[in-house]
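K.L.:
sequence? don't have it. structure:
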């Protein structure tokens with residue numbers, strides 16, 4: 001079992017930055033994929049980025065603006081978000097599944113989810 005807790009959301013102006021954190025506790029094996037998702041108002045949930053032992057991937061919508069990283073000592077995965085746009089507004093979730101690698105197109109059926117953190121990009 002894994003428990004995931006997101007933090008770091010808030011209100012930011014367009015062009016600003018935020019860093020989201022996903023604190024992970026528990027154990028499901030040595031190979032774990034962590035993904036970041038966004039649920040924007042009125043839209044389907046979108047996979048934004050993922051990190052695994054052997055891979056990192058980004059959705060086209062955030063490539064070049066968002067950076068995913070992890071601190072294995074703190075068991076935390078981060079999503080650094082720069083050059084934020086109003087369309088980045090939404091609830092951001094981190095999720096996990098056992099596995100050695102990830103790509104955005106195959107980032108589905110994750111088993112463990114956090115409760116989300118709200119990001120609002122507005123003037």
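P.N.:
Here it is on my side, so go on. These figures come from a predicted structure and were not determined experimentally.
K.L.:
any regions of the protein where pLDDT drops low?
P.N.:
Filtered on pLDDT under 70, the chain yields no residues whatsoever.
K.L.:
now residue 80: which helix or strand?
P.N.:
Under the criterion of DSSP states H and E, residue 80 resides in strand 76-81.
K.L.:
now do the buried residues in that strand.
P.N.:
When neighbours are counted by 16 or more other C-beta atoms under 10 Å, the buried residues of strand 76-81 are found to be 76-79, 81. Where C-beta positions appear, they are placed from N, C-alpha and C, glycine not excepted.
K.L.:
report the inter-axis angle for the helix or strand that it is followed by versus strand 76-81.
P.N.:
If you walk from strand 76-81 toward the C-terminus, the next helix or strand you reach (DSSP H and E) is strand 90-98. In this structure, strand 90-98 runs at an angle of 140 degrees to strand 76-81, with axes from the mean of the first three to the mean of the last three C-alpha atoms, to 10 degrees as the basis.
K.L.:
name the residue closest to the centre of the chain, please.
P.N.:
residue 36 (2.1 Å; C-alpha atoms, centre = their mean).
K.L.:
partners of it in the sheet?
P.N.:
Using DSSP bridges, the beta-bridge partners of residue 36 come out as residue 49, residue 94.
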